[in-house]
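In: fold the following and give me the result.
(chains A, B, C and D)
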Protein chains: 2
Amino acid sequence: MTDDVKESFAREAPPAPAALAAKVRTLVPSMTRSMQRVAEAVAGDPAGCAALTVTGLAELTGTSEATVVRTARLLGYPGYRDLRLALAGLAAQQQSGRSPSVTADIAVDDPIADVVAKLAYDEQQTLADTAAALDTVQLGAAVAAIAAARRVDIYGVGASGLVAQDLLQKLMRIGLMVHAHSDPHLAVTNAVQLRGKDVAIAITHSGSTGDVIEPLRVAFEHGATTVAITGRPNGPVAQYADHVLTTSTARESELRPAAMSSRTSQLLVVDCLFVGVAQRTYETAAPALSASYEALAHRHSPRGGR
Amino acid sequence: MTDDVKESFAREAPPAPAALAAKVRTLVPSMTRSMQRVAEAVAGDPAGCAALTVTGLAELTGTSEATVVRTARLLGYPGYRDLRLALAGLAAQQQSGRSPSVTADIAVDDPIADVVAKLAYDEQQTLADTAAALDTVQLGAAVAAIAAARRVDIYGVGASGLVAQDLLQKLMRIGLMVHAHSDPHLAVTNAVQLRGKDVAIAITHSGSTGDVIEPLRVAFEHGATTVAITGRPNGPVAQYADHVLTTSTARESELRPAAMSSRTSQLLVVDCLFVGVAQRTYETAAPALSASYEALAHRHSPRGGR
DNA sequence: TCACACCATGAAAGATATTTTCCTTTGGGG
DNA sequence: CCCCAAAGGAAAATATCTTTCATGGTGTGA
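Out: Numbers count the residues shown, from 1 in each chain, chains lettered A, B, ... in the order given. Take a look at the predicted model:
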């Protein structure tokens, strides 16, 4: 009853059941060393940790009770007790469905069939994590803003630039006024045009890509509604974002760069945005969709073959 | 530490995870009235009870803490705390089992949370299908050709153009000579340059996109090794492809255009190609990967955190 | 290079929750 | 009508969790 003030911002998300593993990976980078140890223990062995008391977990990770509680808080739970319950739930879920060796890292000498299996598994995992961790309230707000927008600008560079293009293509197809920028100068130049009913969307996995943050900041300061799609919801980009959509981060390795899973995750978010907007603007979106389908038809050879 | 004697007989069964409901039914008859109330509450609403403390559950059932603990013991747990963990697990399992209509089509009036769930499910399904259907022999052959190539050209337009870009980015990052074309004229112009040790890759979902088939044909006729990534392995494009990599096609609908799942599928194939090539050229790929990572690092703000 | 400020961290005090103890109540036999 | 035994609950005792506070390390700016 005394936390009205200090927790007002943390109220964002009620605890997560299966999204925990995802949340851990998402937040680990922004954690301190001790908290990382706790988070890793928790993610690594949910069942084992659920059996431990705060003190036990603190000893196991070589930290203190306070740190354990802090970690639980950071992960979105009111305290350790609740984290523990979530852990028990996670353990029970893992119990039911598990797959053995596809979870291993991709090695240099893996046969090609293993590569396929592992990549597919990892990407499926990424999708599940993303869906579980996605804040539907934020998503809904972003959708509403986009659907009502006069104009939408999207910023993304590098791998995220492709995601930006994907979103661009989709939104254009349902008749919205959209632009995507990968050139930071042009992006800023255009951002100054944005006003109240406009939306700016920044896509950056790291959450700290200056080239993308800068135009978002400008848009933000000009009163546009700003959306960030990022793997680091606490990163610098969030500062200028009215709505933050968190993408999940899978473990990465030399042969599986972070870009791979972040892209999968970002694309899911983008798809959700698209479908959400299409729903809200169904009256105009539906005809636009079939029109663009028709338009493409004659670009294909008359008979698609056997 | 003092319970050696009195619990010696109760040690028979370690706590039950999902068998809880059954155990309750079995034992209810032998319970006293108050304990029955507790047991029924627990069996009736595991999730709800898991959220309660002993005191809370005692009040809810109109009994006392002692009775709650006694019930927990009777059910085979050391105490209420452990019963509560089991309850949380049970709740989580029930939760995961109850994804009723994720297999249904996306409707215009689906709440946003359903959209997320359905999209994620569909894309996971697409990945599984693709991985299962992918011909690893063809894939291996394509990988070998790319790894040995002097030069690689990629063709893709529209949504597939983004996939082409993705592959381009990845292969460039490990030091290959790659180009991607979405302009059909330029593509053909460049295709005539290709020779024996070169590789041309066409990406088209329909398998009948003229703008992409044409350059592939030219490359094929000039003796390059040609690869097609398509959802129609018997379509026109296959005609000029030495290796056909089949992407899967999920059912589509108005709100979920084919482009969405084909993209997911294509990207998985592209990732497999990339990892395969990276494995085969590990000596040069590994340093190139870390080099590009380093190069990017200073594009981000120094401290990403919080 | 030094001083400063800040933040992460753990020890221990403080607050809650759980378990145990023990006493009261209730409902049968004798 | 009395006594016993089992059931149930109040409250003490304990374990567990949470908060506070002091300390040490780290990085920054002069």
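In: surely residue A:49 and residue A:40 touch.
Out: No. Residue A:49 lies out of contact with residue A:40 (C-beta atoms under 8 Å); the separation is 10.4 Å. (Glycine included, C-beta is placed from N, CA and C.)
In: ok, the residue most central in space within chain A - contacts?
Out: Residue closest to the mean C-alpha point of chain A, counted by C-alpha atoms, centre = their mean, is residue A:247 at 1.1 Å. Counting by C-beta atoms under 8 Å, 6 or more residues apart in numbering or on different chains, residue A:247 makes contact with A:130, A:205, A:229, A:230, A:231, A:262, A:265, A:266, A:268, A:269.
In: so the third one is in which element?
Out: Using DSSP states H and E, the element containing residue A:229 is strand A:225-230.
In: now swap in the last one and tell me
Out: Of the helices and strands defined by DSSP H and E, residue A:269 is found in helix A:258-280.
In: residue contacts, the closest residue to DNA strand D within the stretch 1-150 of chain A?
Out: Residue nearest to DNA strand D within the stretch 1-150 of chain A (C-beta to the nearest atom of the strand): residue A:79, separated by 1.9 Å. Taking C-beta under 8 Å, 6+ apart, we find residue A:79 in contact with A:69, A:72, A:73.
In: quick one, phi psi at it?
Out: phi -170, psi -170 (degrees, to the nearest 10).
In: which non-adjacent residue is nearest residue A:174?
Out: residue A:285 (3.9 Å; C-beta to C-beta, 6 or more residues apart in numbering or on different chains).
In: same question but for residue A:144, I mixed them up
Out: residue A:280 (7.1 Å).
In: and the contacts of residue A:247 as JSON lines, adding pLDDT and neighbour count?
Out: JSON lines is the format used below for these (pLDDT from 0 to 100; neighbours: other C-beta atoms under 10 Å in any protein chain shown):
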{"residue": "A:130", "pLDDT": "90", "neighbour count": "31"}
{"residue": "A:205", "pLDDT": "89", "neighbour count": "25"}
{"residue": "A:229", "pLDDT": "96", "neighbour count": "30"}
{"residue": "A:230", "pLDDT": "92", "neighbour count": "31"}
{"residue": "A:231", "pLDDT": "88", "neighbour count": "23"}
{"residue": "A:262", "pLDDT": "87", "neighbour count": "27"}
{"residue": "A:265", "pLDDT": "93", "neighbour count": "30"}
{"residue": "A:266", "pLDDT": "95", "neighbour count": "29"}
{"residue": "A:268", "pLDDT": "95", "neighbour count": "26"}
{"residue": "A:269", "pLDDT": "96", "neighbour count": "26"}
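In: enumerate the residues of the stretch 1-150 of chain A near DNA strand D.
Out: Neighbours of DNA strand D within the stretch 1-150 of chain A, by C-beta under 7 Å from any atom of the strand: A:53-55, A:65-66, A:69, A:72, A:78-82, A:84.
In: if we use 6 Å, what do you get?
Out: Where the stretch 1-150 of chain A comes near DNA strand D, counting by C-beta under 6 Å from any atom of the strand, the residues are A:53, A:54, A:55, A:65, A:66, A:69, A:79, A:80, A:81, A:84.
In: would you agree the second one is in contact with residue A:71?
Out: Just to be clear, that refers to residue A:54. No. Using C-beta under 8 Å, residue A:54 is not in contact with residue A:71, being 10.5 Å away.
In: least confident secondary structure element in chain A?
Out: helix A:282-297 (a mean of 72; mean pLDDT, DSSP states H and E).
In: downstream neighbour of the host helix or strand of residue A:58 in the secondary structure list?
Out: In this structure, residue A:58 is located in helix A:54-60 according to DSSP H and E. As assigned by DSSP H and E, the chain's next helix or strand after helix A:54-60 is helix A:65-74.
In: any residues touching that following helix, and which ones?
Out: Counting by C-beta under 8 Å, 6+ apart, A:10, A:27, A:31, A:34-35, A:38-39, A:42, A:54-55, A:57-58, A:61, A:79-80, A:82-83 sit against helix A:65-74.
In: great, nothing more from me.
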